[in-house]
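**Q** Predicted model follows, preceded by the sequence.
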Amino acid sequence: MAAEPQAQRRGGEAAALEEQIEELQLRVRQAEERRRALIHIMGDLNESNRRLGDQRKAMLHILKDSHRSNLRLEDSRKAMIHIMGDLRSTTQEMERREQELRDKQEQLVQAGKLATLGELTTGVAHELNNPLNNIGLYVGNMIDRLHMGELGTEAALEDLSKAMEQVRKATEIITHLRTFGRAAPVTFEPVDVDEVIERALSLMQEQLRLRGIDVELDLCPDKLVLHGNPIQLEQVFINLLTNARDALEEVPAERKKIRIVSSLDRDRIRIVFSDTGPGIPTDIAKRVFDPFFTTKEVGTGTGLGLSITYSIVKEHGGEISLSRTPGGGATFTVEMPRIGDDVTEELLR
């Protein structure tokens, strides 16, 4: 009976020992798993550290590249500043030269006007001579009648009125010449083309008459208004009339004709000057608008007339061309943009 409890006690101790062994084995396995996990984590850490090292090296490389890029950008910025400085200087020089060119062109235009006035002197002198002679006749008539005691109030007023009419006529001629010849700032305004043509003819008509040249005028019934400078346009038309006049110098009297036609083609004004002269050869026609080019003898032409005409027409947004007149002669066609009635009214306000 005593041996049986002892056996039970031993059995219990063995069971407890087995439990302790199993618990120890469990802890060993858990420790091994933790060790393996730790080894794995350490491997991951090493890999992360390696990647971080690579990234740090890459970052250093990027920073070096960035520094070099910044240096290059700084060099580029300095170069750009230098280029901008050069560009500014070049622009200022171009503006200065453009202003000089404009000044020279204005001087050429003025020289062309003065040359034209010089050529018109004979005809204008004749035009002024007529009213002056008439004034002398009226005044002389009044003096004679005063001496004879036959001058009444009505007769005196009649002669004085006629004399004043001649004074007004002479004044208009002189005013026209002064306006045409003066150097003034170029301003653009609404211009009636047909009125300018008629003013140009009024300056040229005596010269044309003295040379036996017949002028046929065919003006458009519609109002042809463009935005331009009336004095410059008058110079264009005088230059073309002068060119036609000279072309007819050797032509028989019965064939000396100049025809001027104005017309409207949609929004374009067309003015045609044609003569019955010998015409201009094709090889020369290509050069007629070149500065200082002339077919006239030395001392009889400046070569500026058609060049100035071309420049003025271009400034007015137009075109000028040369062709042969049917049957012989030369035809100059000028086309310029027309402004509408509503625009004309707006500009005149």
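**A** Alright, I've got the coordinates. Numbering: from 1, shown residues only.
**Q** At which residues are the helices of the stretch 151-300 of the chain located?
**A** In the stretch 151-300 of the chain, the segments counted as helices under DSSP state H, counting those that start in this stretch are 153-181, 193-210, 230-247, 282-285.
**Q** want to try JSON lines for those, with mean pLDDT and distance to residue 67 as columns?
**A** C-beta: built from backbone N, CA, C; applies to glycine. Converted to JSON lines, these look like this (pLDDT from 0 to 100; distance: least, C-beta to C-beta, whole Å):
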{"stretch": "helix 153-181", "mean pLDDT": "72", "distance to residue 67": "72"}
{"stretch": "helix 193-210", "mean pLDDT": "87", "distance to residue 67": "71"}
{"stretch": "helix 230-247", "mean pLDDT": "89", "distance to residue 67": "64"}
{"stretch": "helix 282-285", "mean pLDDT": "77", "distance to residue 67": "68"}
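**Q** and these, which is most packed in?
**A** helix 230-247 (a mean of 23; mean count of other C-beta atoms under 10 Å).
**Q** Could you dump the helices of the stretch 151-300 of the chain into TSV and include distance to residue 14?
**A** Output for the helices of the stretch 151-300 of the chain, formatted as TSV (distance: least, C-beta to C-beta, whole Å):
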stretch	distance to residue 14
helix 153-181	143
helix 193-210	136
helix 230-247	133
helix 282-285	136
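**Q** Relative to residue 263, which of those is closest?
**A** Taking C-beta to C-beta, helix 193-210 is the member of these nearest to residue 263, at 10.4 Å.
**Q** between that closest one and helix 230-247, how big is the angle?
**A** Between helix 193-210 and helix 230-247, the angle formed by their directions is 30 degrees, by axes from the mean of the first three to the mean of the last three C-alpha atoms, to 10 degrees.
**Q** Now do helix 193-210: distance to the chain's middle.
**A** Chain-centre distance of helix 193-210: 30 Å, with C-alpha atoms, centre = their mean, to the nearest Å.
**Q** Let's see that helix as PDB, backbone CA atoms only.
**A** Output of helix 193-210 as PDB, limited to C-alpha atoms (Å, rounded to 0.1, in the frame of the first residue of the first chain):
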ATOM      1  CA  VAL A 193      -8.500 112.200-105.500                       C
ATOM      2  CA  ASP A 194     -10.200 114.000-108.400                       C
ATOM      3  CA  GLU A 195      -9.700 117.400-106.700                       C
ATOM      4  CA  VAL A 196      -6.000 116.700-106.300                       C
ATOM      5  CA  ILE A 197      -5.800 115.700-110.000                       C
ATOM      6  CA  GLU A 198      -7.400 119.000-111.000                       C
ATOM      7  CA  ARG A 199      -5.000 121.000-108.700                       C
ATOM      8  CA  ALA A 200      -2.000 119.300-110.300                       C
ATOM      9  CA  LEU A 201      -3.400 120.100-113.800                       C
ATOM     10  CA  SER A 202      -3.900 123.800-112.800                       C
ATOM     11  CA  LEU A 203      -0.100 124.000-112.100                       C
ATOM     12  CA  MET A 204       0.800 122.100-115.300                       C
ATOM     13  CA  GLN A 205      -1.800 123.400-117.700                       C
ATOM     14  CA  GLU A 206       0.200 126.400-119.000                       C
ATOM     15  CA  GLN A 207       3.300 124.300-119.700                       C
ATOM     16  CA  LEU A 208       1.100 121.700-121.500                       C
ATOM     17  CA  ARG A 209      -0.600 124.400-123.500                       C
ATOM     18  CA  LEU A 210       2.600 126.000-124.500                       C
END
